[in-house]
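Asker: Got a sequence here, can you build the structure:
(4 chains)
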Protein chains: 2
Amino acid sequence: MVTLKQIARASGVSTATVSYVVNDGPRRVLPETRERVLKVIQELNYRPNVAAQGLRGKRTNTFGVAFPHIVTEPFDNVYFGPILAGIVDVATARRQMTMLFTGISLEDGDVNLSLFCDGRCDGFIFVAIPAKDPLIEKLSRRGAKMVLVGTQVQGLPVSTVDSDNVEGARQATLHLLDLGHRRIGIIQGNCDSTSGPERTLGFRLAHQERGVPVDESLLIPSRYQDDAAYLSSYRLLSMPPDRRPTAIFAAQDSIARMAYTVASELGIRIPEDVSLVGFDDVAYARHLSPPLTTVRQPLREIGAEAATVLFNSLEADAFEPVRKIFQVDLIERASCRPPGLT
Amino acid sequence: MVTLKQIARASGVSTATVSYVVNDGPRRVLPETRERVLKVIQELNYRPNVAAQGLRGKRTNTFGVAFPHIVTEPFDNVYFGPILAGIVDVATARRQMTMLFTGISLEDGDVNLSLFCDGRCDGFIFVAIPAKDPLIEKLSRRGAKMVLVGTQVQGLPVSTVDSDNVEGARQATLHLLDLGHRRIGIIQGNCDSTSGPERTLGFRLAHQERGVPVDESLLIPSRYQDDAAYLSSYRLLSMPPDRRPTAIFAAQDSIARMAYTVASELGIRIPEDVSLVGFDDVAYARHLSPPLTTVRQPLREIGAEAATVLFNSLEADAFEPVRKIFQVDLIERASCRPPGLT
DNA sequence: CTGTATGATCTAAACGTTTAGGAAAACGTT
DNA sequence: AACGTTTTCCTAAACGTTTAGATCATACAG
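Answerer: You can find the predicted model right below:
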């Protein structure tokens, strides 16, 4: 490894001077000296050792990105992929590195907490971490700079980037109501997440707005996982035809996908027998058959924004929490039609 | 940040002793001293600063994972997701961190090369990097420990983890031939990758094995990108029915997906008019309509193996390049049937 | 010619670890 | 009692940077 000292010796100056050249600092260096040093740096292909820089108290230029342990398949998951892509986009453009953390949360004592305090990263982005996770509070108490994606907490100095879940669910439900559906089921998301309850709220608001009563027996609690989604879909679709909803709002595309599976197993046709709306517009939504009507979250932009917010708060002297909510769009595809039409 | 020195002072010993306690080194520490120090460490929630450790020459316990700049959507991509998941699985189990690199290769001078030499990572995993990329040679010359996924190079001390592309393509083609197809097209993968030419080779081998001549006009050069795949699919499917292949082997599922799109635009039915086989078995393959017959690569296992190989070579004193080729499986679904059947 | 301001560079301490070598105490052997 | 060995712990240097302060030469004002 070629070091600063080697450069200094090779170009006949002190390490300090080399450092000033490298960092374009406030100290002035004679142009010809600068030239000479730069040439040696070029020749020997020198690059500052991050460990040493980090130790000396400078930034480490690294973002930590953490995914909760609940998510078994974080990168397999079409939801996390685009978010991560957005983060990496911005990080790369800003010459920051991205470090991945998984299986976080305080489960095994304070091991994980301390993982965040070993000087590896300048700041953190937490994706879809439960709002109650004590990690958030502990870390922010220690002064860690962090951005939460898809989670909103009160009273803590942390920034948040999220989608407008309430509005998205409202639009989706309104779409179904306006097609003429009156018996609409909902397969809900994780109740300990921010998005789950919010999407249910939007579902209710839409009903209220159109003066249609919500049939409480059609609100199925569920989770963003295949097994739970399968069961909930089954509960809803196996009802006798007169009680079965004519339309279903699935709180996530992955849930909707399970509904496709269950429907096909039960011989129920989409959209002839039941209309379906999802949420997220993940990559495969358009390739389902029929293509899924869903609420598009700008996942990649969300990731990019999170990285931007983090970067800015690292640059800034005083920490100023930011709260950014992205608007969502209903993407109409072929999985919905008016009820009773065959 | 709580430091070793603080622990030392608080427990009335020297920093050396604390270090010995923390690292369970060969030096012996009186059990009661150890107890006392451990208690203080616990209380103050101390964790060694990685920067300092890295500087002192110890391992940094970080894997660098690099994706080539050609891949626009690395994490969106269903291929990279599972590989990354496999890597992270193993890394986490071994208490290693994972750092992401994108847009690599030497395009802008030696900037990227030096990025790998700043002491951030102990070793690297390169996914799908072109075999000719000069980065590989330069890095290995500098003694970097690295594992290549999906790329094979000769004469360099680097490890490789890959799938048996030739065999997979052979199986896929054999499947089509044995269904009775005699006019089979292939949409080829990137010619500068390892997998592209290998899959084409398997395609040829199968023909040879069954004594069926290859129609060279049905070998379409293409790339693993949607626009190229669209064009190639069009070239093949827009042929007059008597010249058009009755079956197509797409060198990647993402290419096959484009073939679905083009077929539907041209009013060509799958599998009635043309059978289709893909390669990779990415997540959406089973959700295409009809579900895609494809060659399953154990992507997650491949990622896990790459991480394991890297970890082992970091532990070992002498570097011993490893070459691991995974077997693949043909997954039969509904996108194929004998020709002429309606 | 002296005093002072300016500009270019250097010296050396500091960051938080690890670890070779040494010191002190305790113990065993003759 | 003298010596060697073992056990336990400490001192201090080293890793590669950054940066405050010192130094030295030069230029300029009086």
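
Asker: Quick one: name the residues of the stretch 51-200 of chain A near DNA strand D.
Answerer: A:Ala51, A:Ala52, A:Gln53, A:Leu55, A:Arg56, A:Gly57, A:Lys58 (Cβ under 7 Å from any atom of the strand). The C-beta positions use only the backbone N, C-alpha and C, and glycine is treated the same way.

Asker: For those, work out which two are farthest apart.
Answerer: A:Ala51 and A:Gly57 (12.5 Å; Cβ to Cβ).

Asker: Could you check which of the two is surrounded by more residues?
Answerer: A:Ala51 (24 against 8; other Cβ atoms under 10 Å in any protein chain shown).

Asker: coming back round to it: which one (most neighbours) among the residues of the stretch 51-200 of chain A next to DNA strand D?
Answerer: A:Ala51 leads these on contacts (other Cβ under 10 Å) with 24 neighbours.

Asker: What sits closest to that one if chain neighbours are left out?
Answerer: Closest residue to A:Ala51 apart from its sequence neighbours, by Cβ to Cβ, 6 or more residues apart in numbering or on different chains: B:Gly54 at 3.5 Å.

Asker: same question, A:Leu231
Answerer: Excluding its sequence neighbours, the residue lying closest to A:Leu231 (Cβ to Cβ, 6+ apart) is A:Ser222, at 7.5 Å.

Asker: Phi first, then psi, for that neighbour.
Answerer: Torsion angles at A:Ser222 (phi, psi; degrees, to the nearest 10) stand at phi -160, psi -170.

Asker: quick revisit: may I see the residues of the stretch 51-200 of chain A next to DNA strand D arranged in a markdown table, with pLDDT as well?
Answerer: Conversion of those to a markdown table gives the following (pLDDT from 0 to 100):
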| residue | pLDDT |
| --- | --- |
| A:Ala51 | 90 |
| A:Ala52 | 93 |
| A:Gln53 | 92 |
| A:Leu55 | 91 |
| A:Arg56 | 90 |
| A:Gly57 | 81 |
| A:Lys58 | 76 |
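
Asker: In strands only, show me those.
Answerer: Using DSSP state E, no member of those falls in strands.

Asker: Keep these, but drop any that are not near DNA strand C.
Answerer: Contacts with DNA strand C within these, counted by Cβ under 7 Å from any atom of the strand: A:Ala52, A:Leu55, A:Arg56, A:Gly57.

Asker: Which of those sits closest to chain B?
Answerer: Nearest to chain B out of those is A:Leu55 (Cβ to the nearest Cβ; 4.3 Å).

Asker: Which residues of chain A lie near DNA strand C?
Answerer: Contact residues (Cβ under 7 Å from any atom of the strand) of chain A with DNA strand C: A:12-17, A:20, A:27-30, A:33, A:52, A:55-57.

Asker: can you rerun that using 6 Å?
Answerer: By Cβ under 6 Å from any atom of the strand, the residues of chain A that approach DNA strand C are A:13-17, A:27-30, A:33, A:55-57.

Asker: what pLDDT does A:Val78 get?
Answerer: Here, the pLDDT recorded for A:Val78 equals 68.

Asker: same question but for A:Cys121, I mixed them up
Answerer: For A:Cys121, the model assigns a pLDDT of 88.

Asker: SS state for the closest residue in space to it that isn't next to it in sequence?
Answerer: Leaving aside its chain neighbours, A:Cys121 sits nearest to A:Gly64 (3.8 Å; criterion: Cβ to Cβ, 6+ apart). What DSSP: H, G, I helix; E, B strand; the rest coil gives for A:Gly64 is strand.

Asker: hang on, isn't A:Gly64 packed against A:Met97?
Answerer: No. With contact defined as Cβ atoms under 8 Å, A:Gly64 does not reach A:Met97; the gap is 9.8 Å.

Asker: At which residues are the strands of the stretch 1-150 of chain A located?
Answerer: Assigned by DSSP state E, counting those that start in this stretch, the stretch 1-150 of chain A shows strands spanning A:62-66, A:97-101, A:123-127, A:145-149.

Asker: For the first one, name the packing helices and strands.
Answerer: Yep, that's strand A:62-66 we're talking about. Applying 3 or more Cβ pairs under 8 Å, 6 or more residues apart in numbering or on different chains; DSSP states H and E, we find strand A:62-66 packed against helix A:80-93, strand A:97-101, strand A:123-127, helix A:299-315.

Asker: Could you tell me how many residues sit around A:Ser14?
Answerer: Applying other Cβ under 10 Å, we find 13 residues neighbouring A:Ser14.
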